[in-house]
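# Provided below are the primary sequence and the corresponding predicted coordinates.
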Amino acid sequence: MTVKNQIAVAEELERYLGDPHDPSSPMSFETVLSYDEREEFPHELVGLLQRWQLHEYCLPTAFGGRAGDVEVGFNLLRLVARRDPTAATALMLTDLAFMPAWIAGTDEQKRYFVDAINHGTRMAWGLSEREHGSDVLSNEMRAERVEGGYLLTGEKWLIGNATIADAVSVQARTNERGGPGDWSIFSVEKRKAPAGAVVELPNERLHGLRALDMSGIRLEKLFVPDSARLGAEGQGLEIALKSAQVARTTISSMALGGVDTAMRVTLDFVTERVIFGQKVIDMPYTRRQLAECFADLVVADCVSTGAVRGLQANPGQTSVFSSAVKYYVPTSLERMMSQLSVVLGARLYLRSHPHYGIYQKLLRDVLVAIFADGNTVVNLKNIALQLDGLLKTVRGPVSAEAAAHIELQYNLDSALPEWRPEKQQLFSRGGDDTVLLLPDSIRLLREQAGARADERQREWLTRAADVAEALHGQLERIDAEVQRLRTEHGRGFAGTAELFRLAEQYCAIHAAAATVHLFTRSAAVLVEPFPDGALLLACLERQWRQFDPARPVTDADVVDRVVEILRGLHDERRLFSFWQFQLSASGERR
């Protein structure tokens, strides 16, 4: 979908949901907070989204949905999460639970479940178990082969939508050989099960997303027919991991939406609050904090955009960018929320404040992106385990195929190929085109700097190119450190804390590369004030601090320009993103 068409769809949803600060709007903060306070599932809000048919943008077009490009559904859920990450998550969970059918189901199964979801069916993804968490190879649910089907026995716990769901996709052991082929995926349709055969576990009270159904199910020799198996017997681990890749890539929409509102209400405060004779936003330290927070948000936007588009443009490297985005974005945005909380001050504690009360909910809710569908440590480990192979390839040579991937991933107006989630690969075999093509985008950046008439922009873009080159130069040192660890620790080097630290630094370079790619490859379709040299320099400084935290690469002029951009988006009520959607946002300050 073109940028123009995406903007049109997103703004249609914005108008439908209304101004969240207006109590009479369909999805107001007042209503959202009331569900959160009561810890009551927001049926009204989820139904509101279903009536607009938002779920269809996450279901395959060929079988009755409207999911052409993944980023359309991603951005729509982001706009919902700007109001309520709980309702956005509840809706997203059904689409996630459908992924095993999309990846490996028959055409009949795909058509059946898409039709069911379009008629109101809710689904849950039953993967985790109480005693095993992220260690899915230790899960204990069994599927015993019998005539015509299987008998399922076991428990799935901490499952979103488990109680309210009509169907639960579950992972169960179908073999005892002790290998990755021991698992299969089944669909458990509660309404087709004998009364009482599916036992819902008690709802767990949550710190954030308080209104979400987070419970589980217990089965005891529940018969399901062969037609309930999704994919081949023994394909369950592959299906689960590919489903997780999608979840890890798209869940950042929840965090991006939440921090957009957090930033917005903080800006409401600092632009009007006067203390010690001046507005808070005019204090140099506060301006620096705001500029850094905005830069963090823009980088997270770039990393997420590249990863989401990569599901279609570069499925062979999904294992790298899905883990990089799942580690980097939640970690970065958690840090950003901490900084914003300092700026907002005491108002973040005011739960019932008519304007700022939403902040404390978002502060809790965005944390779900840290642990859901593989926590940040699990994803960092995935990068660490592939790091040796990645470092052997990301410095060249560059193939025509790799160059084409980057153009598709980071040029927002490029037409993406059809999304085929079954084509995603579990291992990248050393490939990370985002880092590989960084030198080429640095070259483009220098060319674009030279073409700028504004002297300040030429200087900022040139300085940004210098920082990007310095970041790319860190790959050689990281490689040397990895080889040293391998020599010192032998086979045990993969479990060292030092390797995880190097993986963190690699993710910082990946994030910097994604940012430079999007600034350069989408320059022709971005709307003012993007792309901007000061903002790019501020973004790269956030990555440079992983390597040299004591040496800033920006100055007061850069900070002032970044804050100017931030205030402009705020005043014009546009999303804090390259996707400058016109928002339904109140101008009233309280």
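Great, that's in hand. Numbering: from 1, shown residues only.

# Checking Gln425 next. Helix, strand or coil?
coil (DSSP: H, G, I helix; E, B strand; the rest coil).

# for stretch 462-475, the distance to its chain's centre please.
Computed by CA atoms, centre = their mean, to the nearest Å, the chain-centroid distance of stretch 462-475 equals 26 Å.

# Now do it, average pLDDT.
The average pLDDT within stretch 462-475 is 98.

# all numbers from here: first residue = 34
That works, and once the first residue is 34, the last one we named lands at stretch 495-508.

# which outside residues touch it?
424, 427-428, 468, 471-472, 474-475, 478-479, 482, 538-539, 541-542, 545-546, 549, 566, 569-570, 573-574, 576-577, 580, 586 (CB atoms under 8 Å, 6 or more residues apart in numbering). Backbone N, C-alpha and C define where each C-beta goes, glycine included.

# same deal with stretch 103-111?
Taking CB under 8 Å, 6+ apart as the rule, stretch 103-111 contacts 34, 39, 42-43, 46, 87, 90-91, 100, 121, 124-125, 128, 282-283, 286-287, 289-290, 293, 337-338, 341-342, 344-345, 452, 612, 614.

# again, only this time at 6 Å
34, 39, 43, 46, 87, 90-91, 121, 125, 283, 286, 289-290, 341-342, 344, 452 (CB atoms under 6 Å, 6 or more residues apart in numbering).

# just checking, Gly463 touches Leu424?
No. Gly463 lies out of contact with Leu424 (CB atoms under 6 Å); the separation is 8.5 Å.

# quick one on the thing from earlier: out of the contacts of stretch 103-111, which sit inside helices?
Among the contacts of stretch 103-111, DSSP state H puts Gln39, Ala43, Leu46, Ala121, Met125, Thr283, Ser286, Leu289, Gly290, Val341, Arg342, Leu344 in helices.

# List the contacts of the second one.
Spelled out, it's Ala43. Asn108, Phe614.

# Ala198 and Arg397: what is the separation?
As judged by CB to CB, to the nearest Å, Ala198 and Arg397 stand 24 Å apart.

# Looking at these two, which one has more neighbours?
Ala198 (27 against 18; other CB atoms under 10 Å).

# Doesn't that one belong to a strand?
No. Remark: Ala198 does not belong to a strand; assigned using three-state DSSP, it is coil.

# So which of the ones in helices among the contacts of stretch 103-111 is the closest to Met247?
Taking CB to CB as the measure, Met247 lies nearest Met125 of these, at 13.7 Å.

# Now that closest one: closest residue in space that isn't a chain neighbour?
Once flanking residues are discounted, Met125 sits nearest to Leu110: 5.9 Å by CB to CB, 6 or more residues apart in numbering.

# so which helix or strand takes in the one you found?
Under DSSP states H and E, the secondary-structure element containing Leu110 is helix 103-114.

# what is the rounded mean pLDDT of that helix?
96.

# what ranges do the helices span in the stretch 384-533 of the chain?
390-398, 401-404, 409-426, 433-443, 466-469, 471-484, 488-522, 530-554 (DSSP state H, counting those that start in this stretch).

# To Val179, which of those helices lies closest?
helix 409-426 (34.7 Å).

# who touches the closest one?
167, 356, 359-360, 363-364, 403, 463, 465, 512, 515, 527, 532-533, 536.

# Alpha carbons only: can I get it in CSV?
Coordinates of each C-alpha in helix 409-426 appear next as CSV, following Å, rounded to 0.1, in the frame of the first residue of the first chain:
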residue,chain,number,x,y,z
THR,A,409,14.4,-9.2,25.7
VAL,A,410,17.0,-11.5,27.1
VAL,A,411,15.8,-14.4,25.0
ASN,A,412,15.9,-12.3,21.9
LEU,A,413,19.3,-10.9,22.8
LYS,A,414,20.5,-14.5,23.2
ASN,A,415,19.3,-15.2,19.7
ILE,A,416,21.5,-12.4,18.3
ALA,A,417,24.4,-13.5,20.5
LEU,A,418,24.2,-17.1,19.2
GLN,A,419,24.3,-15.8,15.6
LEU,A,420,26.8,-13.0,16.2
ASP,A,421,29.9,-14.9,15.0
GLY,A,422,28.3,-15.7,11.7
LEU,A,423,26.9,-12.2,11.3
LEU,A,424,30.2,-10.5,11.8
LYS,A,425,31.7,-12.6,9.0
THR,A,426,29.3,-11.3,6.4
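
# which parts of that helix are buried?
409, 411-424, 426 (16 or more other CB atoms under 10 Å).

# Go ahead and flag the most central residue of this structure.
Ser285 (1.9 Å; CA atoms, centre = their mean).

# that older thread, pull out the buried residues from the contacts of stretch 495-508.
For the contacts of stretch 495-508, a burial check counting by 16+ other CB under 10 Å picks out 424, 427, 468, 471-472, 474-475, 478-479, 482, 538-539, 541-542, 545-546, 549, 566, 569-570, 573-574, 576-577, 580, 586.

# Just confirm Gly187 is within a helix.
No. Gly187 sits outside any helix when classified using three-state DSSP, being strand.

# Relative to Arg175, how far out is it?
The gap separating Gly187 from Arg175 is 6 Å, by CB to CB.

# Check His76 too.
Relative to Arg175, and taking CB to CB, His76 is found at 34 Å.

# Comparing those two, which shows the higher neighbour count?
Per other CB under 10 Å, whichever of His76 and Arg175 has more neighbours is Arg175, with 16 against 13.
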